[in-house]
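Colleague: just coords:
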């Protein structure tokens, strides 16, 4: 990552903007995974970008920008989710927050049906983030590990277990050919 020649090792707003643009798909997946739905992911990214810009001096030179911003996005999303939950509880005592619809960024061209969306909602946020980063963005385990600041083996394990869990949920619901013709 290039640094400002006037301030060696610093992250400039221009470099931040370029790096943020490059990492946006992965950051969006993290936000959607934490929130459990996609409708507020863009809001979280914008808020996280403002937080990141205000903390340029906290960025450690030569470290992983995606991981640094990933943490900011994660904490911003957690705060946003808590606000949504409090708002939903105050509006109606019986209303539950809508936390079961993670989906890829609109620019990815992928979309999930209702069954897949519901199955994704049963995963933990870290498993959901690993699975989305692997399947939607096709990141390798090392990239997922760096982005989420977890060991590569842990990322691999989350993806493997999430796939098995999704397969079990989705395959069991698929009618057999005999059931379809009955």
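Modeller: Yes, it's here. What you see is a predicted model; the values in this text were computed from it and never measured.

Colleague: Which strand or helix spans the residue most central in space within the chain?
Modeller: Nearest to the mean C-alpha position of the chain, counting by Cα atoms, centre = their mean, stands residue 30 at 1.5 Å. When elements are assigned from DSSP states H and E, residue 30 belongs to helix 13-35.

Colleague: If you count neighbours, what's buried in the next helix or strand after that helix?
Modeller: Following helix 13-35 in sequence order, the next helix or strand is helix 41-54 (DSSP H and E). The neighbour-count check on helix 41-54 (16 or more other Cβ atoms under 10 Å) flags 41, 44, 45, 47, 48, 49, 52 as buried. Every C-beta, even on glycine, is put in place using the N, C-alpha and C of the backbone.

Colleague: One more: stretch 15-22?
Modeller: 15, 16, 19, 20.

Colleague: picking up where we left off before, thought the residue nearest to the centre of the chain was touching residue 70?
Modeller: Yes: taking contacts as Cβ atoms under 8 Å, residue 30 lies within contact range of residue 70: 5.4 Å.

Colleague: so which helix or strand takes in residue 164?
Modeller: helix 152-172.

Colleague: List the contacts of that helix.
Modeller: With Cβ atoms under 8 Å, 6 or more residues apart in numbering as the test, helix 152-172 has contacts from 115-116, 119-120, 122-123, 126-128, 130-131, 134, 141-142, 144-145, 148.

Colleague: Drop anything exposed from those.
Modeller: By 16+ other Cβ under 10 Å, those give 119-120, 123, 126-128, 130-131, 134, 141, 144-145, 148 as buried.

Colleague: Filter these down to the ones in helices?
Modeller: Among those, the members falling in helices (DSSP state H) are 119, 120, 126, 127, 128, 130, 131, 134, 141, 144, 145, 148.

Colleague: Farthest pair within the residues you listed?
Modeller: Within these, 119 and 145 form the most distant pair, 24.0 Å apart (Cβ to Cβ).

Colleague: Report how many residues lie close to residue 153.
Modeller: Number of residues near residue 153 (other Cβ atoms under 10 Å) recorded here: 10.

Colleague: ok, back up a step: now do the helix holding residue 164 against helix 125-135, angle only.
Modeller: 90 degrees (axes from the mean of the first three to the mean of the last three Cα atoms, to 10 degrees).

Colleague: angle of helix 152-172 against helix 141-148?
Modeller: Using the same axes, to 10 degrees: helix 152-172 against helix 141-148 is 100 degrees.

Colleague: Longest helix in this structure, please.
Modeller: Per DSSP H, the chain has its longest helix at helix 65-91.
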